[in-house]
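Chemist: just need the structure, nothing else, for what follows:
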Amino acid sequence: MTTSLWCLFVVAMIPYILAFTGGYFRHQQFGLIDNKHPRQQIAQLEGVGARAYAAQQNAWEALLVFAAALFVANAAGVPAEKTATLSVIFVIARILHAVLYLANLDALRSLAFLLGWGSAICLFVMGA
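Modeler: Next comes the predicted model:
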């Protein structure tokens, strides 16, 4: 499997890791996890738990953009070295984004978002 596909796998795992993280904080805040009405319980979360679920939603959105960008770049025959570099940058940016989201460092989180978004845009442009 190529580096960019491994990166896609890592990016696909980030929302799940954040879901488990959010579940931990749901249990901490409420004493139990309401699996019958999880979204209602999540809406009541505060602090780091609420940020974990917000980061999870953002991670799902980023996954879609990254997957599409990789598809375009690979379909257009962009060299693997170039897609690998941009993919690694995207992964680093998305991991930083999640960590900074949990830490409530909004300005740095926005910079990490822009770095990841920029690498995805580069993949699209190279595939054009």
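Chemist: give me the element I89 is part of.
Modeler: For I89, the host element (DSSP states H and E) is helix 80-102.
Chemist: also I14?
Modeler: Using DSSP H and E, the element containing I14 is helix 3-30.
Chemist: which helix or strand lies directly C-terminal to that helix?
Modeler: In N-to-C order, the element after helix 3-30 by DSSP H and E is helix 38-43.
Chemist: and the following helix or strand past that next one, what does it pack onto?
Modeler: Once helix 38-43 ends, the next helix or strand along the chain (criterion: DSSP H and E) is helix 47-75. Applying 3 or more C-beta pairs under 8 Å, 6 or more residues apart in numbering; DSSP states H and E, one finds that helix 47-75 makes contact with helix 3-30, helix 80-102, helix 106-127. Where you see a C-beta, it was placed from the backbone N, CA and C, and this is true even at glycine.
Chemist: still on that earlier bit, any idea of the angle the helix holding I14 forms with helix 80-102?
Modeler: 10 degrees (axes from the mean of the first three to the mean of the last three C-alpha atoms, to 10 degrees).
Chemist: residues of helix 3-30 that come out buried?
Modeler: 4, 7-8, 10-11, 14-15, 17-19, 21-23, 25-26 (16 or more other C-beta atoms under 10 Å).
Chemist: ok, so of these, who is nearest K36?
Modeler: R26 (13.2 Å; C-beta to C-beta).
Chemist: does that closest one touch E46 like I think?
Modeler: No: with contacts counted by C-beta atoms under 8 Å, R26 stays clear of E46, the gap being 11.0 Å.
Chemist: picking up where we left off before, now what about the helix holding I89, what contacts it?
Modeler: Helix 80-102 is contacted from outside by 2-4, 7-8, 10-11, 14, 17-18, 21, 48, 51-52, 54-55, 58-59, 62, 66, 70, 73-74, 106, 108-109, 112-113, 115-116, 119-120, 122-123, 126, using C-beta atoms under 8 Å, 6 or more residues apart in numbering.
Chemist: buried ones among these?
Modeler: Listed as buried from those are 4, 7-8, 10-11, 14, 17-18, 21, 48, 51-52, 54-55, 58-59, 62, 66, 70, 73-74, 109, 112-113, 115-116, 119-120, 122-123, 126; burial here means 16+ other C-beta under 10 Å.
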